[in-house]
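Trainee: What follows is a protein structure lacking sequence information:
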Ligand SMILES: Nc1ncnc2c1ncn2[C@@H]1O[C@H](COP(=O)(O)OP(=O)(O)O)[C@@H](O)[C@H]1O
Ligand SMILES: [Mg+2]
């Protein structure tokens, strides 16, 4: 998917962190000299392209020992969680509320990041040690020109969601304009992680999410809509 897509992993981590979410594994920029890297890791992907300075740039992420794929896109899972989030009359079992909240926030997060790849399989996981839902594989996010069909699909899903996390909504409201730009920050000193245009588009999508939630609150009331902590 291109040798610059690692930036989306870093941008997604920085955004999640700024929103107070611990669902996206940490991703930090790193570069390695290609000769050294191939000597140390002979099986390293031969297709990885070094830059003209002989360095390979990427994102470094922690290995999660208790990583378990959570196949929420499968029909049996969907049949469980979709009513929790899209049917206001549904009852969420008490012990499933954290999962429901994590999926609700995931849907909003993915529209803001314009991630087209979430539901294609094996891109949602669980940390068996903490039981946190992990929003993994974010390299389909933050394209300079996101594929339009992806945005349409993510927005359609978001518009069906009737329950959100109040702390997430509050954090999203606070992260406007300049704060969002600072959140994405730089890859190396003087080198912004994302194009200006990508930051502006993400901010516009952030506002679209808030508008959708605000209009739900207007119709159904804050208690019903801001149903999760
Ligand atoms: N942080 C991690 N710790 C442990 N295993 C991981 C981690 N991230 C990904 N994996 C494993 O690698 C697979 C592919 O990762 P993913 O980020 O989805 O990349 P791809 O772009 O190849 O789909 C996952 O399904 C999982 O099995
Ligand atoms: Mg994947």
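Mentor: Received, thanks. Note that the structure is predicted; figures quoted are calculated from it, not measured. Ligands and ions are numbered 1, 2, ... in the order given.

Trainee: close to ligand 1, is stretch 3-12?
Mentor: No. Figure legend: stretch 3-12 not in contact with ligand 1 (Cβ under 6 Å from any ligand atom); closest approach 8.1 Å. Heads up, the C-betas are built off the backbone N, CA and C, glycines and all.

Trainee: List the buried residues for that stretch?
Mentor: 5, 6, 7, 8, 9, 10, 11, 12 (16 or more other Cβ atoms under 10 Å).

Trainee: average pLDDT across it?
Mentor: Stretch 3-12 shows a mean pLDDT of 93.

Trainee: now do stretch 94-103
Mentor: Mean pLDDT, computed over stretch 94-103, is 98.

Trainee: Counting neighbours, what do you get for the residue in the chain that ligand 1 sits nearest to?
Mentor: With Cβ to the nearest ligand atom, the shortest gap between the chain and ligand 1 falls at residue 137, namely 3.3 Å. When neighbours are defined as other Cβ atoms under 10 Å, residue 137 has 20 of them.

Trainee: Please report how far it lies from residue 84.
Mentor: If you measure residue 137 against residue 84 using Cβ to Cβ, to the nearest Å, the figure is 24 Å.

Trainee: any idea what sits nearest residue 29, other than its immediate chain neighbours?
Mentor: Leaving out its chain neighbours, the residue that sits closest to residue 29 by Cβ to Cβ, 6 or more residues apart in numbering is residue 187, at 5.0 Å.

Trainee: Not counting its own residues, what contacts the strand or helix carrying that neighbour?
Mentor: Taking DSSP states H and E as the definition, residue 187 sits inside strand 186-188. Strand 186-188 is contacted by residues 7, 10, 29, 57, 192, 193 when judged by Cβ atoms under 8 Å, 6 or more residues apart in numbering.

Trainee: biggest helix in the protein by residues?
Mentor: Across the chain, the helix with the greatest residue count (assigned by DSSP state H) is helix 196-220.
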